[in-house]
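> Here is a sequence with its predicted model. Questions after.
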Protein chains: 2
Amino acid sequence: MRIVITGGAGFLGNRLARALLQRGTLTDRNGTIQPIDQLVLFDVAPAEGLTRDPRLEVRTGDITDPGQVRDLLGAGIDGVFHLAAIVSANAEEDFDLGMAVNLDGTRHLLEACRALPKPPRLVFASSCAVYGGDLPDVLTDQTILTPQTSYGAQKAAGELLVSDYARKGFIDGRSLRLPTIVVRPGKPNRAASTFASSILREPLAGHAAICPVGRDAELYILSPRRVIEALEHAYELPAVRLGPVRALTLPGITVSVGEMLDALARVAGEQVATRVHFEADPAIQRIVAGWPTRFRADRAQTLGFQADRDIDEIIRAHIEDELAGHVH
Amino acid sequence: MRIVITGGAGFLGNRLARALLQRGTLTDRNGTIQPIDQLVLFDVAPAEGLTRDPRLEVRTGDITDPGQVRDLLGAGIDGVFHLAAIVSANAEEDFDLGMAVNLDGTRHLLEACRALPKPPRLVFASSCAVYGGDLPDVLTDQTILTPQTSYGAQKAAGELLVSDYARKGFIDGRSLRLPTIVVRPGKPNRAASTFASSILREPLAGHAAICPVGRDAELYILSPRRVIEALEHAYELPAVRLGPVRALTLPGITVSVGEMLDALARVAGEQVATRVHFEADPAIQRIVAGWPTRFRADRAQTLGFQADRDIDEIIRAHIEDELAGHVH
């Protein structure tokens, strides 16, 4: 089978590619386990850091160009993981770019899928940023999406299109609302949520980190390991199990900054945890306070998606996966 | 002030135009009552049936063409009522046309508004068709939109865009989810809901009518008078009263077909009600059974939107407005 990952040069795309190459197969829509013969990583920049593999094709291009997207899918593909996106802060700053990539790009991809002789499976990475405004204390699968960022609005519109294209039989689509991913490897970025990874990743690597919010601030998080598992699981879910509603919120865990730092001390030692310093940033505090943190992701749980057990498990997995088992 | 109505040749557009010309003013964003100096009715077909009025401009064009939409708004407008749409059955049959008019057309309009020196007010006619799938018994302002038609998906995506453009300050937007409009004047159309008006309109005009669903079938309805009032009221609502969530479901009344026919007999006489014959249509019964009929439209009620008192009032208003007071 031939699989495409958009946003293939990003952190999740890269990690998903490695996982798919390693497992080597995916269950197709007939319930048959099929070998992955070709895996195409599509992004604006070439995907890097992957070992050579005859199945791997790295391809650069522009998802806002319908012709390039049609070429990408070519004569046929079996499935797409659609991860390409302009992230939250960037989409807020550059409205047109966010619309072009997050909404039009998704639409070009859906149209290219629709033009294929056989409707492909498509897994769309949505986000809990689709929620915002006046929210109930605990969000459920029935809670309305009233995003308060352009990124969230574009993701919510993408979900609607994925569901409608699926209902029409143009694709076999499914959308996953991702919690905040912790621990993200790499460098801090300009996202308001970047501290959630920094306050664990940096101390574990021997560096100091600044925490702009208080110990009481809560987050709804999922580890890189679990999000990759979720993407694979979403791909393999039979369509009948999803029914008419094609989007779901992934199960995550709700943790406070205080609990994260206590776990850091437990797992890596008191001295590592002291590398985090609090420096209040009212702007970030305000943004974080608006994020929903308590979900009942019943539907995803029934469908077999799994959250991390606890924050300790997330920290240990990061040490194994990114630090070769060694805390600095 | 200069006001544009898209879909100005349609039943609601026409009726709204007459109402606006008659009242002659609208309250602007500063809370000041302003005369309507120019009212532009934009549609694919020329708006007809309106008395000559120096304030009225009838304009034909294609909302799927961004250049024409920019020209329509010209150097500046104060407000738009965006009613233009491909209706449910048509959008389901011709997916591309529905996307082009309902989604792209809305986007062209929003972009043209954004390009103006002063962000205009915009009232977007959404629909209760944004709801579908597995729904709670009673829908509230917090219920998720999981449309099961392309029309519903396109309207839901339009709501998201209107809200985000409003949040960014590009427009001062508000979206109203319209219940089924009863009694629609004119001829039956191909919409699954057309019987809901036919079973009242046709007997009152002296004609027979076929009812494809049983007496127990329920509908969530609003009269033409009330929907016009709602559009005007939505335009005049101060933005601060709406807050960050710019879409709301209009209050309607829930009535069964049996209650509608009983009211017809009460208001117009037993003999008129006998002009309705039941002929079961399983396809329409199935569609109608999937429509949500019970809403708690608390937010709209708090904001001063009003449902009809009862079905008797709706029938009497139709006799006054469309039959010059005479039942045939």
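It's in. A quick note: this is a predicted structure, and the numbers were derived from the prediction, not measured. Numbering: from 1, shown residues only, chains lettered A, B, ... in the order given.

> Write out the residues of the stretch 1-150 of chain A neighbouring chain B.
A:95, A:132-134, A:136, A:141-148, A:150 (CB under 8 Å from any CB of the partner chain). To be clear about C-beta, it is placed using only N, CA and C from the backbone, and glycine gets the same treatment.

> Buried subset of those as a PyMOL selection?
Buried residues among the residues of the stretch 1-150 of chain A next to chain B (16 or more other CB atoms under 10 Å in any protein chain shown), as a PyMOL selection:
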select buried, chain A and resi 95+132+133+141+142+143+144+145+146+147+148+150
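
> so which of the residues of the stretch 1-150 of chain A next to chain B comes closest to residue A:52?
Closest approach between those and residue A:52, by CB to CB: residue A:150, at 38.8 Å.

> surely the closest one meets residue A:96?
No: look at residue A:150 against residue A:96 with CB atoms under 8 Å: they stay out of range, at 10.0 Å.

> Residue A:206 against residue A:328, yeah?
Yes: at 3.3 Å, residue A:206 counts as touching residue A:328 under the criterion of CB under 8 Å.

> can you map out the strands along the stretch 101-250 of chain A?
A:121-127, A:172-178, A:180-181, A:209-211, A:218-222, A:247-249 (DSSP state E, counting those that start in this stretch).

> following the last one, which helix or strand shows up next?
Next along the chain after strand A:247-249, taking DSSP states H and E as the criterion, comes strand A:253-256.

> So which residues make contact with that next one?
Applying CB atoms under 8 Å, 6 or more residues apart in numbering or on different chains, the contact partners of strand A:253-256 are A:215-222, A:293-295, A:307-308, A:310-311.

> circling back to that earlier point, which of the residues of the stretch 1-150 of chain A next to chain B sits closest to residue B:55?
Closest approach to residue B:55 among the residues of the stretch 1-150 of chain A next to chain B (CB to CB): residue A:95, at 34.8 Å.

> Is any residue of stretch A:156-169 near chain B?
Yes: using CB under 8 Å from any CB, stretch A:156-169 reaches chain B at A:156, A:157, A:160, A:161, A:163, A:164, A:167, A:168.

> Now do the buried residues in that stretch.
A:156, A:157, A:158, A:159, A:160, A:161, A:162, A:163, A:164, A:165, A:166, A:167.

> In helices, which of the residues of the stretch 1-150 of chain A next to chain B fall?
Judged by DSSP state H, helices contain the following of the residues of the stretch 1-150 of chain A next to chain B: A:95, A:150.

> is it possible to export the residues of the stretch 1-150 of chain A next to chain B to CSV including pLDDT?
Below are the residues of the stretch 1-150 of chain A next to chain B laid out as CSV (pLDDT from 0 to 100):
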residue, pLDDT
A:95, 97
A:132, 92
A:133, 88
A:134, 85
A:136, 92
A:141, 92
A:142, 93
A:143, 95
A:144, 96
A:145, 97
A:146, 95
A:147, 95
A:148, 93
A:150, 96
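
> could you dump the residues of the stretch 1-150 of chain A next to chain B to TSV with distance to residue B:251?
Shown next, in TSV, are the residues of the stretch 1-150 of chain A next to chain B (distance: CB to CB, whole Å):
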residue	distance to residue B:251
A:95	34
A:132	25
A:133	21
A:134	19
A:136	22
A:141	26
A:142	21
A:143	22
A:144	18
A:145	22
A:146	20
A:147	25
A:148	26
A:150	31
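
> Can you name the residues that contact the nearest residue to residue A:194 once chain neighbours are set aside?
Nearest non-adjacent residue to residue A:194, counting by CB to CB, 6 or more residues apart in numbering or on different chains: residue A:188, 4.6 Å away. Residues in contact with residue A:188 (CB under 8 Å, 6+ apart) are A:194, A:195, A:197, A:198, A:202.

> and if you look at residue A:160?
B:145, B:147, B:153, B:156, B:157, B:160.

> Neighbours of residue A:96, how many?
Residue A:96 has 10 neighbours, counted by other CB atoms under 10 Å in any protein chain shown.

> For it, give me the pLDDT.
Listed pLDDT for residue A:96 reads 98.

> Okay, it and residue A:68: tell me how far apart.
Using CB to CB, to the nearest Å, residue A:96 is found at 19 Å from residue A:68.

> any idea which element the residue at the greatest distance from the centre of chain A lies in?
No residue in chain A sits farther from the centre than residue A:271, which is 31.6 Å out by CA atoms, centre = their mean. Applying DSSP H and E as the criterion places residue A:271 in helix A:270-273.

> now residue A:52
Applying DSSP H and E, one finds residue A:52 in no helix or strand.

> could I get stretch A:111-127 in CSV with only the CA atoms?
The C-alpha trace of stretch A:111-127 is given here as CSV (Å, rounded to 0.1, in the frame of the first residue of the first chain):
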residue,chain,number,x,y,z
GLU,A,111,-10.6,17.2,-3.4
ALA,A,112,-7.5,15.3,-4.6
CYS,A,113,-8.7,12.3,-2.6
ARG,A,114,-12.2,12.6,-4.1
ALA,A,115,-10.7,12.5,-7.6
LEU,A,116,-9.1,9.1,-7.0
PRO,A,117,-10.7,6.0,-8.4
LYS,A,118,-10.9,4.5,-4.8
PRO,A,119,-11.7,6.6,-1.8
PRO,A,120,-8.6,6.6,0.5
ARG,A,121,-8.5,6.5,4.2
LEU,A,122,-7.6,9.9,5.7
VAL,A,123,-6.6,10.7,9.3
PHE,A,124,-6.8,14.4,10.0
ALA,A,125,-4.9,15.9,13.0
SER,A,126,-7.3,18.3,14.6
SER,A,127,-6.8,19.9,17.9
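
> Tell me which residues of that stretch come out buried.
Quick answer for stretch A:111-127 (16+ other CB under 10 Å): A:111-114, A:116, A:119-127.

> quick one: which two of those residues are the most distant?
A:116 and A:127 (26.6 Å).

> quick one on the thing from earlier: for the residue farthest from the centre of chain A, give its distance to chain B.
Distance of residue A:271 to chain B, computed by CB to the nearest CB, to the nearest Å: 44 Å.

> now swap in residue A:320 and tell me
38 Å.

> Residue A:313 versus that residue, what's the distance?
Counting by CB to CB, the gap from residue A:320 to residue A:313 is 11 Å.

> Those two: which has the busier surroundings?
residue A:313 (17 against 12).
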